[in-house]
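Undergrad: here you go, sequence then predicted model.
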Amino acid sequence: MSFLYLGERFVYRIIEFVRHWYVKSGKLYSNFVLDKLSKIDEALAWKITLRHLFEPLYKDYSLIGYFFGFLFRSIRLLVASAIYLVIFAIAITAYVVWLLIPPFVLWNALFVHGGFLR
């Protein structure tokens, strides 16, 4: 009877670990990343810049104002997009590394450092 209980607890703990490591951490990490991206958006103002892309710079309704407004805002959008892309790539890479830690540790424990194949 005690072996049955121990086996049930062992399976339960493995399932809880997987749920905690992969499901709960995914929710927490995605909320963290989205919060950081929204704080960065306060400085970069990507959506506002896109909304005002075709407006003249400093309300100068001459051809030069329209030209420079479009030029400067286009450059700002490209730079902001590049920054977002780099931050998003770092966030995805960090999360993939996080997801691969348990299989890496298990593989090393079982097959590399004194496991089954030694």
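TA: Thanks, I have it.
Undergrad: can you map out the helices along the protein?
TA: 2-18, 25-44, 46-51, 63-107 (DSSP state H).
Undergrad: so for residue 113, which of the ones you listed sits nearest?
TA: Nearest to residue 113, of all the helices of the chain, is helix 63-107, at 9.9 Å by CB to CB. C-betas here are computed from N, CA, C, even on glycine.
Undergrad: packing partners of the closest one?
TA: Packing partners of helix 63-107 (3 or more CB pairs under 8 Å, 6 or more residues apart in numbering; DSSP states H and E): helix 25-44, helix 46-51.
Undergrad: how about the most centrally placed residue in the chain: what's its closest non-neighbour residue?
TA: What sits nearest the mean C-alpha location of the chain, by CA atoms, centre = their mean, is residue 91, with 3.5 Å. When the adjacent residues along the chain are set aside, residue 91 lies closest to residue 33, with 4.7 Å between them (CB to CB, 6 or more residues apart in numbering).
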